[in-house]
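>>> sharing a model prediction with you, sequence too.
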Amino acid sequence: MKLPSLRSDYGSVLLGPADASPQSTRVRVQLVITIGVIVANLIGVVLAVCLAVVGIPQPPIPWIDGWWMNFLVVPVYIGIAFLIGATVGTIRIVRSLRWSIRDEDPDAAEARAALVAPFRLTALQAALWAIGTVVITAGYGILDPQLIPKIALVTGLSGLVVCAISYQITEFALRPAAAKALEAGFRAPRRGRLRMRAASAWAIGSGVPLAGIFIVVIFGTFRDDTSKTDIFIGVAALAAISLLTGPLLVILNADSLVGPLRVLGDAMRRVRDGDSDVTVRIFDGSDMGELQAGFNSMTTGLRERERLQDLFGRHVGRDVAAAALGRGVELGGSEQTVAVIFVDVVGSTTIARQRPATEVVELLNRFFEVIVTAVEENDGLVNKFEGDAVLAVFGAPLPHPDPAAGALRAARRIAERLPAAVPDLSAGIGVSFGTVVAGNVGAIERYEYTVIGDPVNESARLSEVAKRDTSLPVAAEPAILAARASETQHWRFTDAVVLRGRDVPTRLYSPAPSSTSTSSTNSVAPTEKRRSPAETNPDLA
């Protein structure tokens, strides 16, 4: 057996969760309103009887001569009022919310009807009690004209209590319908609604009993047949009534504040725990509803900020994005010692000519995925994609404990994984190390983070050399000398080559046969000096 949900999306478990079926919500609303109105009227009747019999004992109610009023007119009218107020009134209100029951969006008139429904039901209760006051006062006035002020007073004060309780309960029960109306964009006048709730709670819970006590004292002062005992009984009765009705109204008024705040508190805890995909139901037409709407706007802004930050990080690198968000952005850069990897596809022009563009893009995306994964596993930054080439940096913008070792290790991983992941592509991988200028280059309207310096150019030239045997990355000697022994043990000297645009040979290293899945027969044999591969084979340039 499935237990009912205890979620309180509307501030109370009595109203159920927001995703409950319309039929279930309708039953809940109908029960809460009907029971609440009946209880409110019962409180009003008991209050009126207590005030008339005990609270203001003089002049006394004629029980025998007034049997037709006590046992016929009053009970019949109370029954009719109960029937109209608790049944007809609530049914009419629920029927006016048919769009909510059918789970439809309301138009402006339907939305307004949902938000003013508590006022309408309260107005109905006020009308019934006003008619009752006239009928009952007139009836008892026929028996004894001196009863007119007393009966009018006790029924009028009791009617105020009923109206206050009915309004609070109805507004509470209609939160689901109000939520849909508010979501549709309709806003009820909210000015002073919180003050009105607090003022009515005080007036009915404290003001009415105090007024009753004052009236008892007035009656005792100006009527000779009123004894001190009568005054004491009257004051005690009114104080007891205040102790019963006051807390009820305070609780109802407090719930109109606590309910929305409880929902907001739960939602804020979820945001604090890292879940920004949170919205709350706006079910209050007062300033509390504006607070709920403000929270939803805030979480929408957070989600948008996270989305933009994610896009920003994907475009420029998460480390660059974090540095920009933390320190701000300014043009220029600073000298930093970094390791650089340059990876360039072999024969990309031929591939682009022989294959459809969509297929080329799919190949390049798998190719880039291998490189990005290997670089980020070793705490590097993929700085840019240059067509079919990739530039990765280790040591900027964030410091790296061993940038050379990180770059060398990433280069080995790329060479190991590319043949299996993208067998249709091969690439030359060059690793360099040295001092560069790292920072933001461009104009204030449009700039990018990049690294500029000889190690960047050198790594590109090394990738040209590596195209002779794409199974082995090539690293310049400074990168080997700067790395820790735990990584350099995987590398061995292979050659000394004059790179394009240079006059002196560069000592080159490649992974030892045991450090790569490629057979050692594919390694480049060391020589004293060799011309650049670009010089012997221009197609590699």
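It's in. Quantities reported herein were computed from a predicted structural model and do not represent experimental measurements.
>>> Gly79 - how many residues pack around it?
If you count neighbours by other C-beta atoms under 10 Å, Gly79 ends up with 10. Where you see a C-beta, it was placed from the backbone N, CA and C, and this is true even at glycine.
>>> which stretches of the stretch 351-500 of the chain have low pLDDT?
Flagging of the stretch 351-500 of the chain using pLDDT under 70 yields the residue ranges 444-447.
>>> all strands in it, in order from the N-terminus.
Here the stretch 351-500 of the chain has its strands, by DSSP state E, counting those that start in this stretch, at 381-386, 389-394, 427-443, 446-452, 474-476, 491-497.
>>> columns distance to Arg98 and mean neighbour count on top of the ones you listed, output as TSV?
Shown next, in TSV, are the strands of the stretch 351-500 of the chain (distance: least, C-beta to C-beta, whole Å; neighbours: other C-beta atoms under 10 Å):
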stretch	distance to Arg98	mean neighbour count
strand 381-386	58	18
strand 389-394	62	25
strand 427-443	61	22
strand 446-452	56	16
strand 474-476	76	29
strand 491-497	78	19
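>>> distance to Glu359 for these - can I get that in a markdown table?
Shown next, in a markdown table, are the strands of the stretch 351-500 of the chain (distance: least, C-beta to C-beta, whole Å):
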| stretch | distance to Glu359 |
| --- | --- |
| strand 381-386 | 18 |
| strand 389-394 | 19 |
| strand 427-443 | 17 |
| strand 446-452 | 29 |
| strand 474-476 | 29 |
| strand 491-497 | 35 |
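>>> which one, of those, ends up nearest to Ala181?
Proximity to Ala181 (C-beta to C-beta) singles out strand 446-452 among those, at 46.2 Å.
>>> ok, the closest one: who's next to it in the sheet?
Strand 446-452 sits in its sheet next to strand 427-443 (antiparallel), going by DSSP bridges.
>>> which one, of the strands of the stretch 351-500 of the chain, ends up nearest to Tyr140?
Evaluated with C-beta to C-beta, the strands of the stretch 351-500 of the chain place strand 446-452 nearest to Tyr140, the distance being 87.4 Å.
>>> tell me the angle that closest one makes with strand 381-386.
110 degrees (axes from the mean of the first three to the mean of the last three C-alpha atoms, to 10 degrees).
>>> can I get strand 446-452 in CSV, CA atoms only?
Output of strand 446-452 as CSV, limited to C-alpha atoms (Å, rounded to 0.1, in the frame of the first residue of the first chain):
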residue,chain,number,x,y,z
ARG,A,446,37.5,40.7,-27.9
TYR,A,447,40.5,38.8,-26.5
GLU,A,448,41.8,35.3,-25.8
TYR,A,449,44.1,33.7,-23.4
THR,A,450,47.3,32.4,-25.1
VAL,A,451,51.0,31.8,-24.6
ILE,A,452,53.6,33.4,-26.8
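>>> what about it, distance to the chain center?
Relative to the centre of its chain, strand 446-452 is centred 35 Å away, using C-alpha atoms, centre = their mean, to the nearest Å.
>>> run through the bridge partners of Val345.
Beta-bridge partners of Val345, as defined by DSSP bridges: Ala427.
>>> element containing the residue nearest in space to the middle of the chain?
What sits nearest the mean C-alpha location of the chain, by C-alpha atoms, centre = their mean, is Val278, with 2.6 Å. Assigned by DSSP states H and E, Val278 falls within no helix or strand.
>>> quick check: it vs Asp266, distance?
Distance, Val278 to Asp266, using C-beta to C-beta, to the nearest Å: 9 Å.
>>> next one: Arg468
Counting by C-beta to C-beta, the separation of Arg468 from Asp266 is 64 Å.
>>> ok, now Gly439?
Counting by C-beta to C-beta, the gap from Gly439 to Asp266 is 45 Å.
>>> neighbour count winner among Arg468 and Asp266?
Each of Arg468 and Asp266 has its neighbours counted (other C-beta under 10 Å); Arg468 has more, 18 against 14.
>>> for the more buried one, phi and psi?
phi -70, psi -30 (degrees, to the nearest 10).
>>> pretty sure the residue nearest to the centre of the chain sits against Arg269.
No - between Val278 and Arg269 no contact is recorded; they are 9.5 Å apart, counting by C-beta atoms under 8 Å.
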